[in-house]
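Peer 1: need a structure here:
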Amino acid sequence: MSYDLCILCRGARYLCGRAYCPILTKLRVSQRVSTNSTELFGSSPPAVFVGRIGYPQVFAGPLTPNDVGDTQIYDFPELWSSKSIDEVLNLRLSLFLGRKIVDVRFVEDRYVQDLQLLTLSLKPVDVEVKFAKRPTGFSFSEYEPPMGPRAPVESLRVLTTPPPTRVVERLYSDTDARAVEAVIELYSSGTPVSHIQRLLSVGALGKKRNRRLVPTRWAITAIDDTISRHLIEEKVKWFNPVSKTQVFVRYNHKNLFISILIPGEWGFEWMEAWFPKSTWNPFGKSVAIEGDYELFKPRDKYASIGGCYYAARLATAEYLARISRKATAVVLREIYPGFDIPIGVWFVREQLRALYSQQPYNVDSVEEALKIVDRFSALGSRTWAEKSRIIKLLKGVKKLDEFLGKRS
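Peer 2: Residues are numbered from 1 along each chain as shown. Reported below is the predicted structural model:
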């Protein structure tokens, strides 16, 4: 990074090529999270974190900023799609994490029940946390949003208990309802996906004998998978196809998202192209492209591309359910140099939700759709078409429906 550029830019023009300003982010975070105290009183958004290393003995604990009041925005990805990366990092790295080793099976442990109590409401919860030592550090992940300083927690006091919604309260108390049923009912009632993820993570859903703490990373993907699977199987597959091929385009934070929705049976493909000097291709000399797909029904085997697959599938299924149509979806993402920090799969889900709120280009063929891809893509439609399994299938048969019919 050239400091001459920094002087000219001053955090306003991103002349260094990054999607965020490292200097401002470091300054803001150091001002907000610096503390010599081992005690913290704040309003949790609410938020918790459950780790996965050492499973079934894992670290779990509350996340809270050194702020009191309406802190919901700190752990509400549904409100982040229009925010800059700087703003999201500022929020997330200001969250202090108290960690304690727990057994995921002991959901009746007092500490675990406090974590459950903390997450039942959508409204911020005042907490008092005592740490064994001064919190330090921060973390970034491909799956969950970034988090700030952490330390072992000695005690946790939940000081306020805002009432949960009726559906959350009922399903938390209903120890005979299966977790999948609870998740679908919560989603159908309008409960935000991020809130459902928290409830599953702290073991607040499901039959009594099956309730467990679920690592945050696993809970995020499990909810994206469960809800999108439900939408596809119970709704999308039974609709009529879209009448024309739709092409959606969104560019934000050095990421390009393109979705091509083609008339036909349900099919889905998610592909990512990581350019050199981006998060997962920092030292590469060429663009790295990966992806996975499914045809007619949601895949049973975990997608090789990871949690972003399910986040993208959820956003796509939500749109199709909203317009009461089905389609074969090819969804592309190009990640450009400068987007070099992992911030979680929420980014894909919320950016695609925003993408599907825009007006699409309507065309008559895949060939015309690929011409639109060429107008925006740095990689080019030819490369994408060569990598796409679904586009190859579409070029190989008259209709994807015919291919699916031969497999059934």
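Peer 1: list the contacts of the residue nearest the centre of the chain.
Peer 2: Centrality entry for the chain: nearest residue to the mean C-alpha point is Trp346, 2.1 Å, by C-alpha atoms, centre = their mean. By C-beta atoms under 8 Å, 6 or more residues apart in numbering, the contact set of Trp346 is Pro77, Trp80, Pro145, Ser194, Ile220, Ala311. Glycine gets a C-beta too; all of them are placed from N, C-alpha and C.
Peer 1: what sits against the residue nearest to Ser155 when sequence neighbours are not counted?
Peer 2: Once flanking residues are discounted, Ser155 sits nearest to Lys130: 4.6 Å by C-beta to C-beta, 6 or more residues apart in numbering. Lys130 sits next to Thr38, Glu39, Leu40, Val153, Glu154, Ser155, Leu156 when contact means C-beta under 8 Å, 6+ apart.
Peer 1: tell me which of these is nearest to Ser388?
Peer 2: Taking C-beta to C-beta as the measure, Val153 is the one of those closest to Ser388, at 47.4 Å.
Peer 1: just the element for the closest one, please.
Peer 2: Applying DSSP states H and E as the criterion places Val153 in strand 150-158.
Peer 1: what is that strand packed up against?
Peer 2: Judged by 3 or more C-beta pairs under 8 Å, 6 or more residues apart in numbering; DSSP states H and E, the packing partners of strand 150-158 are strand 57-64, strand 96-103, helix 110-119, strand 125-131.
Peer 1: make it 6 Å
Peer 2: Counting contacts by 3 or more C-beta pairs under 6 Å, 6 or more residues apart in numbering; DSSP states H and E, strand 150-158 is packed against strand 96-103, helix 110-119, strand 125-131.
Peer 1: got those as a markdown table, with distance to Glu185 and mean pLDDT columns?
Peer 2: Below are those laid out as a markdown table (distance: least, C-beta to C-beta, whole Å; pLDDT from 0 to 100):
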| stretch | distance to Glu185 | mean pLDDT |
| --- | --- | --- |
| strand 96-103 | 27 | 96 |
| helix 110-119 | 17 | 97 |
| strand 125-131 | 23 | 97 |
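Peer 1: and for the nearest residue to Trp274 once chain neighbours are set aside, the neighbour number?
Peer 2: With sequence-adjacent residues excluded and distances taken as C-beta to C-beta, 6+ apart, Trp274 is closest to Asn281, at 4.0 Å. For Asn281, the count of nearby residues is 18 (other C-beta atoms under 10 Å).
Peer 1: any idea how far Ala179 is from Asn281?
Peer 2: 37 Å (C-beta to C-beta, to the nearest Å).
Peer 1: do Ile260 as well
Peer 2: Using C-beta to C-beta, one obtains 34 Å as the distance from Ile260 to Ala179.
Peer 1: great, nothing more from me.
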